[in-house]
Each structure stands twice: as C-alpha cells, then as structure tokens.
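> Requesting a structural model of the entry that follows:
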Amino acid sequence: MKKFLGYILSILFWFCFGLSLVIFHPIQWLCLKLGGYRAHKKSVDILNACLVASYYTLFNRVTFIDNKSIPLGQPIIFVANHQSTFDIPPLIYFLRRFHGKFISKIELASGIPSISFNLKHGGAANIDRNDPKQSIAEILKLANNMKTKNWSAFIFPEGTRSKTGKMKAFHIGGIATLLKKNPNALVVPIAIKGSYEMVQYGMYPLTPFLHMTWEVLDPLDTSNKNIEEIVKLAEEKIKQKVEN
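Numbering: from 1, shown residues only. Here you go, the predicted model:
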C-alpha cells in the first residue's frame, strides 16, 4: 500500500522539488551578480528550505537535532554518513549559520538547475575522481577558504551512498587534507538515519510516510590523535546512532 501511494505522491513531490530548482536558478544568478556572496548564500538557504519542505508532500517527517553548543567563527569539518541524495538539503538549511561547503563529484557541477550553479559559484570543491591532482587542488582550495573565511565543510567519508542504511568504512583522504590546512578545525560527526528508505525503489516511486533523522553530535576530542584515529572515532560515534 505504501509503495502504491508512493507512485501518486511522488508526482507531487517531484513537481514541488523540481519547480524549486527551476525558480531559484535565475534567483541565484541575480543574487550573485547584484549582491555577491552574502546575497547568493541567502538565496541558497531559502532554496534548501523549500527543498526540505517538499519532503512533506510525501508525508515524510524530518527531525533535525541541532547542537547549539558548537561555536561559530572557526572552521568546522562536519563528517556524516551518506544514505541518499536527500541527505543534503537539511544539512545546508539547518546548519546554514556555519557556511558549510560540500566536496562533490564534478559531474554534479553541470546540467542540474540551481544545484550545479551553487556548486560552481558557492564555494564547493568539485572533484574529478579520475584526476587525483585536480581533486587535491579543489580540496586544498576549499581548505584555504575555510582558513581565511571561517567556512565549514561537509564530507561523506564513505565515498558513496549506502543503499541499506548499513554504513561503509570511512576513508581518510578528504578529511586529512582539510585538517592539514586547518589543524584547529573542529571535527563534528552527523548521524543520518532513515533517508535511504526514501529511495529504496529508486527515484520513482519514492517512499512516503517515513521518519528521517539528522543528529549533530558533539565535536570530537582530537588531541593526541592521528588522522586515522580521528576518522575511526567519527565512524564509531555515527555508527552507534545509525545502526543501533
């Protein structure tokens, strides 16, 4: 029954989701040209609020457990497990105060209304997985912006989405590069639970009547730990929330 209703409700979802992307593409362009970074970021924040709101057309419930103890004004590396494409809008919107940027596949930086524009012009690191030199250069550029502008970064160390909710091993590469340039950055785990169910049948039909949660955990104690130990600790903290 849930899958059957998904066929119907997914039409409404994709209309609202797609319309938001189409409408905000020229809005982003205007904001960037007329108001620079701040105006553009504001338009991206509003866009992602609309994208999160579209989840409710499926009668899906979003619970975002924020952590108000995390300080502003310093670089933060948000480390999250990855379950679906729909992990991303809540991270951007609910953590908008941290100016978080993504490490993204370069393929996503073209051809998608609003999303590609933001990846190109909003400060993301758009990496070519077949070109290690280009990838390192992009991540270093983001790391330098974190250092000089107090931006933050979102990174999915699994490298790919989990289709079952069971976490894959975390890779250290991107986190290591960011920490090398920003040794004093906070490393903050985020546990995402339930979003993989939304796409268990693919992009159509989407699954309705779900409860999905995002929980921002406390910053890790990275003192006297090497990069491998830091990444392993983040993985363990997230796994305790996601797989229990």
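> Now the residue nearest to the spatial centre of the chain. Its backbone dihedrals?
In the chain, the centroid-proximal residue (CA atoms, centre = their mean) is I88; its distance is 3.7 Å. Phi and psi for I88, reported as degrees, to the nearest 10, are phi -80, psi -50.
> Do I have it right that it meets F102?
Yes - counting by CB atoms under 8 Å, I88 touches F102, with 7.3 Å between them. C-betas here are computed from N, CA, C, even on glycine.
> what touches both of those two?
Common neighbours of I88 and F102, using CB atoms under 8 Å, 6 or more residues apart in numbering, are F154.
> what's near enough to touch S110?
Counting by CB under 8 Å, 6+ apart, the residues that S110 touches are S116, K120.
> Look up the closest residue to P157, ignoring the ones flanking it.
With sequence-adjacent residues excluded and distances taken as CB to CB, 6 or more residues apart in numbering, P157 is closest to F170, at 3.8 Å.
> In a helix, the one you found, correct?
No - applying DSSP: H, G, I helix; E, B strand; the rest coil, one finds F170 to be coil, outside a helix.
> count of residues packed around it?
Neighbours of F170 under the rule other CB atoms under 10 Å: 22.
> How about the one 5 residues further on?
By other CB under 10 Å, the residues close to I175 number 23.
> quick one: which helix or strand includes it?
Element membership for I175, per DSSP states H and E: helix 173-181.
> buried stuff in that helix?
G173, G174, I175, T177, L178, L179, K181 (16 or more other CB atoms under 10 Å).
> Spell out, range by range, the helices that occur in this protein.
Assigned by DSSP state H, the helices in the chain fall at 2-54, 88-94, 115-121, 132-149, 173-181, 227-242.
> Hey, what's the angle from the fourth one to helix 2-54? Just curious.
An angle of 50 degrees separates the directions of helix 132-149 and helix 2-54 when computed by axes from the mean of the first three to the mean of the last three CA atoms, to 10 degrees.
> Which elements pack onto helix 132-149?
strand 100-105, strand 125-127, strand 152-155, helix 173-181 (3 or more CB pairs under 8 Å, 6 or more residues apart in numbering; DSSP states H and E).
> Using a markdown table, please lay out the ones you listed together with mean pLDDT and distance to L58.
Output for those, formatted as a markdown table (pLDDT from 0 to 100; distance: least, CB to CB, whole Å):
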| stretch | mean pLDDT | distance to L58 |
| --- | --- | --- |
| strand 100-105 | 95 | 24 |
| strand 125-127 | 96 | 29 |
| strand 152-155 | 98 | 24 |
| helix 173-181 | 94 | 31 |
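> So for I192, which of the ones you listed sits nearest?
Nearest to I192, of all those, is strand 152-155, at 11.1 Å by CB to CB.
> Show me the contact partners of that closest one.
Residues outside strand 152-155 that contact it (CB under 8 Å, 6+ apart): 75-80, 88, 91, 95, 98-103, 125, 142-143, 146, 174-175, 178.
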